[in-house]
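>>> model the following, please.
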Amino acid sequence: MRPQGRRGVCAHADKVGIVRLMSADFDIPADRGFGRAWFQEQAEYLARTGVIELVWNTYDGPPIADAELGDHLRELDVGAGLRAMPRLGVGGPALRPVSVPGVADGPEAAWDQLAEALGQPLPYWTIPLQQRRLIDAWQPGRPTVQALAVDPEMDLDVLLRLAALYDSDHPAAQVLVRLFRTVTWRESQAAAQMIASVESMTLDSTVVIAARPIPVPRADLDELAETVRRAGWLEILGRADVLADACVEQLVRWDGGRDCPFGAPVDLVAGDPISDEVIARLTPHPHGRIPVPRSTAGRRNIGRPGHRRPSHPHHQQGRRPHPDRHEPVASHDVAAGRARARRPDLDPDR
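Now for the predicted structure:
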């Protein structure tokens, strides 16, 4: 498959990353600031023969639909758009053509065919390393970089920002730093295994590993005493700032908040008899600051201890369910749209 027009890769910030690919005969950098906004990143290189956009999901937000992506690629005057898929295909990740309005659809191409057409191996980022800044900074011939592997669904920076406000031996600082280290260790292990799998199934002529995970020392939340974990999260729950709320949200995303005096999320659906009975028994709580996650179906998440539903296959690696330890008392502030479940014996208001 031969490209038409220019060749390249760009990134669509919180939704996708688009990598512009170069062969040996094109080396003129385009304006890297073109079309950049907070939700969009680009790294474009011009060739004498055309542009191919290779699109990666960056997992910083919901993936952009193909139709919306096609409109975006039309603005960049590309000759073809291809989307890298999570599964492996021939010679590398599977590729899915993206229809660009006003541009004739090209034939389907495998990863090794695209690499042969461009005369170079194509960059690969494993899921925990599909980050906008890494995709934006990539250039053909650039050595493999090391970066911190992250959970695509979590904002780990908030953990370190709040931890910095405490002395290092404070229980709150200990649980925040330990959660950060636990997540990054698990993700670095998952990323390394994914890369090893890709390397065993591909050739150097078709795939170049653009980024590898920084080695992270083993860490686990259970290495802290339960009394320290509970004291730390109780301190954080007692704060009245959005930074603390964001940290609790990360814990709930990770393990359902098993060390907190409230339950992990379950779905309560209006109209369901059991859900209606539970909702009717909820009472207002003055300190209910934890946002209620809502699905596209409008379900409200409140209350089952020790349960976490991973959204990505690699999240299941190394994680295990935790037994129920406490029976929570759920409360809901309807006006504020926030929910919280609490144990009476650990309630700071008592």
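>>> pLDDT below threshold where in this protein?
Low-confidence regions of the chain, defined by pLDDT under 70, span residues 1-53, 57-63, 74, 76-80, 104-107, 262-266, 285-350.
>>> now the helices for it?
66-75, 111-118, 132-137, 157-163, 171-201, 226-237, 242-255, 273-281 (DSSP state H).
>>> contacting residues for the closest residue to Pro128 other than its chain neighbours?
Using C-beta to C-beta, 6 or more residues apart in numbering and skipping the chain neighbours, the partner closest in space to Pro128 is Ala149 (3.7 Å). Heads up, the C-betas are built off the backbone N, CA and C, glycines and all. Ala149 makes contact with 126, 128-129, 184, 187-188, 190-191, 213-214, 216 under the criterion C-beta atoms under 8 Å, 6 or more residues apart in numbering.
>>> okay, now the domains of the protein?
Each domain of the chain is listed here as a residue range: 9-142, 261-314+321-350, per automatic domain parsing.
>>> surely Pro171 and Ala225 touch.
No. Under the criterion of C-beta atoms under 8 Å, Pro171 is not in contact with Ala225, lying 9.5 Å apart.
>>> which of the helices of the chain sits closest to Gly92?
Comparing the helices of the chain against Gly92 with C-beta to C-beta, the closest turns out to be helix 111-118 (3.2 Å).
>>> who does that closest one touch, helix- and strand-wise?
Helix 111-118 is packed against strand 52-57, strand 93-98, strand 122-124, with contacts defined by 3 or more C-beta pairs under 8 Å, 6 or more residues apart in numbering; DSSP states H and E.
>>> what lies in contact with the second one?
Residues outside strand 93-98 that contact it (C-beta under 8 Å, 6+ apart): 53-55, 66, 69-70, 73, 80-89, 105-106, 108-111, 114, 124.
>>> just the buried ones from those?
53-55, 69-70, 73, 80-84, 88-89, 106, 109-111, 114, 124 (16 or more other C-beta atoms under 10 Å).
>>> Met201 - how many residues pack around it?
Met201: 13 surrounding residues under other C-beta atoms under 10 Å.
>>> let's have the helices of the chain in CSV, adding distance to Val207.
Output for those, formatted as CSV (distance: least, C-beta to C-beta, whole Å):
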stretch, distance to Val207
helix 66-75, 23
helix 111-118, 7
helix 132-137, 15
helix 157-163, 30
helix 171-201, 6
helix 226-237, 41
helix 242-255, 31
helix 273-281, 48
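>>> Asp220: which of these is closest?
Between Asp220 and these, the tightest spacing by C-beta to C-beta is seen for helix 171-201, at 5.6 Å.
>>> what's the closest one packed up against?
Secondary-structure packing of helix 171-201 (3+ C-beta pairs under 8 Å, 6+ apart): strand 80-88, helix 157-163, strand 207-209, strand 211-213, helix 226-237, helix 242-255.
>>> winner for burial among those?
With neighbours defined by mean count of other C-beta atoms under 10 Å, none of the helices and strands packed on helix 171-201 is more surrounded on average than strand 211-213, at a mean of 22.
>>> what's in contact with that strand?
The contact list for strand 211-213, computed with C-beta under 8 Å, 6+ apart, reads 125-126, 128-129, 134, 144-149, 187-188, 191-192, 195.
>>> what do you get if the cut-off is 10 Å, keeping everything else the same?
Outside of strand 211-213, the residues within contact range by C-beta atoms under 10 Å, 6 or more residues apart in numbering are 123-126, 128-131, 134-135, 137-138, 144-150, 184-185, 187-192, 194-195.
>>> neighbouring strands - and their directions - for that strand?
Pairing partners of strand 211-213, with direction, according to DSSP bridges: strand 145-147 (parallel).
>>> and the helices and strands packed on helix 111-118: which comes nearest Asp272?
Where the helices and strands packed on helix 111-118 are weighed against each other on C-beta to C-beta, the nearest is strand 52-57, at 33.3 Å.
>>> ok, back up a step: out of the helices and strands packed on helix 111-118, nearest to Glu249?
Across these, closest to Glu249 is strand 52-57 (C-beta to C-beta), at 22.0 Å.
>>> where's Ser275 relative to Pro284, distance?
Between Ser275 and Pro284 the computed distance is 19 Å (C-beta to C-beta, to the nearest Å).
>>> neighbour count for the two, which is higher?
Ser275 (17 against 11).
>>> surely Pro121 is in contact with Asp204?
Yes. Under the criterion of C-beta atoms under 10 Å, Pro121 lies in contact with Asp204, with a separation of 6.5 Å.
>>> before we move on, back to that, just the buried ones from the contacts of strand 211-213?
Members of those that pass the buried threshold by neighbour count (16+ other C-beta under 10 Å) are listed as 123-126, 128-131, 134-135, 137-138, 147-150, 184-185, 187-192, 194-195.
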